[in-house]
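Visitor: The sequence and its predicted three-dimensional model are supplied below.
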There are 2 protein chains.
Amino acid sequence: MANTDSVGLRVFSLNCWGIRYLSKHCPQRYAMIGDLLCKEQHDIVLLQEVWSEKDFLSLKQKLASTHPHSHYFKSGVIGSGLAIYTKYRIHDTFLYRYSLNGYPYMAHHGDWFGGKAVGLAILNIGSLTANIYVTHLHAEYCRDKDSYLPHRVVQAWELQQFIRHTSAGADLVILGGDLNMHPQDLGNRLLRTSTGLRDSYSETAKFDGCENGMTLIADNPFISQKELSPFKKGIRIDYILFKGSSKADIYCDFMSTTKGSVPDHPFPYSDHEALTAELRLETRTRTEAENDRKAISQDAAAEKLAELVDIVTEARTEVKVGLHCAERMRYTATRTGVMGLALLFLELAIAAVPWLALGAEQPFPRTSFYMLAALCVAILVTTFLLYIFYTMELKSLQGAEDQMRLAVGSLQERLRGFPLAQPHSSQRRPPEGLEPTAFDPEE
Amino acid sequence: MANTDSVGLRVFSLNCWGIRYLSKHCPQRYAMIGDLLCKEQHDIVLLQEVWSEKDFLSLKQKLASTHPHSHYFKSGVIGSGLAIYTKYRIHDTFLYRYSLNGYPYMAHHGDWFGGKAVGLAILNIGSLTANIYVTHLHAEYCRDKDSYLPHRVVQAWELQQFIRHTSAGADLVILGGDLNMHPQDLGNRLLRTSTGLRDSYSETAKFDGCENGMTLIADNPFISQKELSPFKKGIRIDYILFKGSSKADIYCDFMSTTKGSVPDHPFPYSDHEALTAELRLETRTRTEAENDRKAISQDAAAEKLAELVDIVTEARTEVKVGLHCAERMRYTATRTGVMGLALLFLELAIAAVPWLALGAEQPFPRTSFYMLAALCVAILVTTFLLYIFYTMELKSLQGAEDQMRLAVGSLQERLRGFPLAQPHSSQRRPPEGLEPTAFDPEE
């Protein structure tokens, strides 16, 4: 009622599919994207898969007058592919690289080389501090046998951690990007429930775009039916999420997506559809904020917590599956390495026989000898590199699992409203307490 | 005056030098450390270089009654080596892996394999939320020709970013660890100035320990004189830093270090000295906090900002030096790779000659041929891996340089108090404005 200020904010997000020389019609599509952005003049533009810095820079030049401020997040071998263009000055940026991101030897999937990350840019919008996040999670290549699921769950876990821990000072949080997860996928639920971020598609007052808000659709000529299987029409994996704070409310008045084709152009902007959310910020007075905070019932808070406990537990199970898998892979690499070493010793032993028994009749098979030795060395080097890689994967999975266990314990304790085993009772928890729990997260 | 509450907090930090089978007297020293911690019962114990999880777990068991809560931060191939034990329940943890950390082929320095990182644990101390950070930066092996300086500066940059961005909701921040930097080193100044963290050694009311607070001393039998050169007596590279907030003041009443030997024991706890800081927290009333905030003069704030601009500019220069170096290294790797490839082709051409001119008189030198081919392949594989590694290093350095440039621009603008080029003026900046600056951070 007593809102003092209302600001409109148009946010755009697109996975550009910008692999130079490999993505179809890449330069033409970048030109189309640039034209669109110039014309539409969104307040905040979040792009993913801008793999070449040259493309980032040429877009920057094109948008110099409409979006004077920009940042390109660099990481990994190729880069993170993440870029932001905005009308607001960027005060600060920060990048968090996910600890897991596929396998380097799955070069045809290419995710590992991309150095997937989440980028943060801090803007001031009026008197409000806005934390704008842009990210791109590991792709799902096969839904039935998704060997990357634990990696994506750990990425979702780290993403929510990063957002939660860095947004305490923000009045407004926006996350845009290609999450590569369906709306009800584990990682997505984990992200939304733990951060409190709301999905602009679910929240919007009005929507214009593909059926069910899909962002990867069969009608897009760059998409093959096989990729989408078993979802014939398409899937929703790109999102604009947002949340306000005690200082500002945020609403989504309108949301739209592109629909697989662009008028007057022979092909669409990308293989993904572009998202636009028209948000409205309303700054709140101090009294309003305080009243609202008290208004949230303890029952609702407890329900939220219980849901989060379930989701984190589910995520933990998934990470454990990944752990077993990584352990098995490391074991296989070790065994293969040992066999390579045994073969090498065997070969040396065989070579030593004619050398010891001088004047043997058979000529020594040099060619085979060297070929076999080279094979052994190749096996040893490869298995050593794999061993190191799997060890790092294991550490990351174990680390995430530890953190999840701790989080579940902490959440359960909050849920039970039981006073903490520490010198002073905390004011953060609901006061009513049930019986103490036997659950110890550090067990 | 009107302080409502005062809590004492004893913080301990030690680099344990815990490389199993390699560090001298490792099990005995862990036993000594465990005894010390049981006896002293510090509130928060921050350990570095606990390389083996087994050692972490056995310490955990030993400290179960005195420090019931603990966390071991996992990352990299070996681990981060970071551990925390505390009397307070740990509610949440988060780990940030530095993007740069030495070179994998410098195996004898080993830093790369350690997966250096900064760990965050969130505790509730009374009604206060405390963010506790523990870290270990890349070692300095040679002060005169420190090829790791850019890596350490980028680590310090990322450390201050991580602390700044994650501590907005904290009432109290404590950082303990082995920074591998002298008090006035660039990275240390950058860290302190940008975060506002204060050094417990400089701030303490009373001190008992090594001269000048040194933590790596010549009197320690594990330290060779060569390592310390040119600092004969020792250096100060381990720290406990802290800061309060508008909700709590924090003071250091007493600080101590070990002095290179332990009574009744033949050797010290580690090659580093252990630090103990006795901090005192005083919660503040709301009015106090507001008065104090107003009391900070704009001149003092401007001076701080100007100092920070200088330091970030200096850091940027250092990162640029690292960039040039990485570019040169990548160029060398590329050139070597091309030479390896040329050699391989040459060899194949030579091999083709006797094969074409059948019945040549000279026998074909098979041994040399295979040896040379193996050498070529080894060169190609190595240079390819190096190329990928240097590309990642370059991206990280470029990323840090970009962020520093942006930060300098933002700081300079704040410094000049000039209103921003955005729809609403911000309330965060001092109102008095000078002439607009021509400096554009995004140029």
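Guide: That came in fine, so what should we check first? Numbering: from 1, shown residues only, chains lettered A, B, ... in the order given.

Visitor: Specify the next element, helix or strand, located C-terminal of the helix or strand of chain A with the lowest mean pLDDT.
Guide: Ranked by mean pLDDT, DSSP states H and E, the weakest helix or strand in chain A is helix A:286-295, scoring a mean of 64. Later in the chain than helix A:286-295, the nearest helix or strand by DSSP states H and E is helix A:298-356.

Visitor: Just want the angle from the very next helix or strand once past that following helix to helix B:366-416.
Guide: Once helix A:298-356 ends, the next helix or strand along the chain (criterion: DSSP H and E) is helix A:366-416. Interaxial angle of helix A:366-416 relative to helix B:366-416 (axes from the mean of the first three to the mean of the last three CA atoms, to 10 degrees): 30 degrees.

Visitor: List the contacts of the closest residue to A:Gly260 other than its chain neighbours.
Guide: The shortest distance from A:Gly260 to any non-neighbouring residue, by CB to CB, 6 or more residues apart in numbering or on different chains, is to A:Asp219 (3.8 Å). The C-beta positions use only the backbone N, C-alpha and C, and glycine is treated the same way. Counting by CB atoms under 8 Å, 6 or more residues apart in numbering or on different chains, A:Asp219 touches A:234, A:259-261.

Visitor: how about 10 Å then?
Guide: A:Asp219 is in contact with A:210-211, A:233-234, A:259-261, A:268, A:273, counting by CB atoms under 10 Å, 6 or more residues apart in numbering or on different chains.

Visitor: try A:Val262
Guide: Residues in contact with A:Val262 (CB under 10 Å, 6+ apart) are A:29, A:32, A:35-36, A:268-269, A:274.

Visitor: what residues are up against the nearest residue to A:Tyr370 once chain neighbours are set aside?
Guide: Closest residue to A:Tyr370 apart from its sequence neighbours, by CB to CB, 6+ apart: B:Tyr370 at 3.8 Å. By CB under 10 Å, 6+ apart, the residues touching B:Tyr370 are A:366-367, A:369-371, A:373-374.

Visitor: Buried ones from those, can you make that a ChimeraX selection?
Guide: Buried residues within the contacts of B:Tyr370, by 16 or more other CB atoms under 10 Å in any protein chain shown, are selected in ChimeraX with:
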select /A:369,370,373
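
Visitor: Check the contacts of B:Tyr370 against chain B and report the nearest one.
Guide: If you rank those by distance to chain B using CB to the nearest CB, A:Tyr370 comes first, at 3.8 Å.

Visitor: Who does the closest residue to chain B within the stretch 201-350 of chain A form a beta bridge with?
Guide: Residue of the stretch 201-350 of chain A nearest chain B, by CB to the nearest CB: A:Thr283 (10.2 Å). Beta-bridge pairing for A:Thr283 (DSSP bridges): A:Asp5, A:Ala248.

Visitor: residue contacts, it?
Guide: With CB under 10 Å, 6+ apart, A:Thr283 has these contacts: A:3-7, A:126-128, A:171-172, A:244, A:247-249, A:289.

Visitor: roughly how far apart are the residue nearest in space to the middle of chain A and A:Met404?
Guide: The centroid of chain A falls nearest to A:Leu137 when counting by CA atoms, centre = their mean (3.1 Å). Noted for A:Leu137: a distance of 17 Å to A:Met404, by CB to CB, to the nearest Å.

Visitor: ok, now A:His69?
Guide: Separation of A:His69 from A:Met404 (CB to CB): 37 Å.

Visitor: close enough to count as contact, A:Tyr251 and A:Leu172?
Guide: No: if you go by CB atoms under 10 Å, A:Tyr251 and A:Leu172 don't touch, sitting 11.9 Å apart.

Visitor: hey, what's in contact with both of those two?
Guide: Common contacts of A:Tyr251 and A:Leu172, defined by CB under 10 Å, 6+ apart, comprise A:242, A:244, A:279, A:281.

Visitor: Give me the phi and psi for the first one.
Guide: Just to be clear, that refers to A:Phe242. When read as degrees, to the nearest 10, the backbone of A:Phe242 gives phi -150, psi 160.

Visitor: What of the third one?
Guide: A:Leu279 adopts backbone torsions of phi -100, psi 160, taken as degrees, to the nearest 10.

Visitor: nearest spatial neighbour of it, skipping sequence neighbours?
Guide: Residue nearest to A:Leu279 in three dimensions, not counting chain neighbours: A:Leu9, with 4.4 Å by CB to CB, 6+ apart.

Visitor: what's the helix or strand encompassing the one you found packed up against?
Guide: Per DSSP H and E: A:Leu9 is located in strand A:5-15. For strand A:5-15, the packing partners by 3 or more CB pairs under 10 Å, 6 or more residues apart in numbering or on different chains; DSSP states H and E come out as helix A:26-40, strand A:44-48, strand A:128-136, strand A:172-178, strand A:238-243, strand A:248-257, strand A:275-283.

Visitor: what angle do it and strand A:275-283 make?
Guide: 160 degrees.

Visitor: Buried residues in strand A:5-15, which are they?
Guide: By neighbour count on 16+ other CB under 10 Å, the buried set for strand A:5-15 is A:7, A:9-15.

Visitor: Send me it as CSV with only the CA atoms.
Guide: The C-alpha trace of strand A:5-15 is given here as CSV (Å, rounded to 0.1, in the frame of the first residue of the first chain):
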residue,chain,number,x,y,z
ASP,A,5,8.8,3.7,-5.5
SER,A,6,8.1,1.4,-8.5
VAL,A,7,10.7,0.6,-11.2
GLY,A,8,10.3,-1.6,-14.3
LEU,A,9,13.2,-3.9,-15.2
ARG,A,10,13.3,-5.9,-18.4
VAL,A,11,15.6,-8.9,-18.3
PHE,A,12,16.7,-11.0,-21.3
SER,A,13,18.4,-14.4,-21.3
LEU,A,14,19.6,-16.5,-24.2
ASN,A,15,21.9,-19.4,-24.8
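
Visitor: I'd like the average pLDDT over it.
Guide: The predicted model gives strand A:5-15 an average pLDDT of 93.
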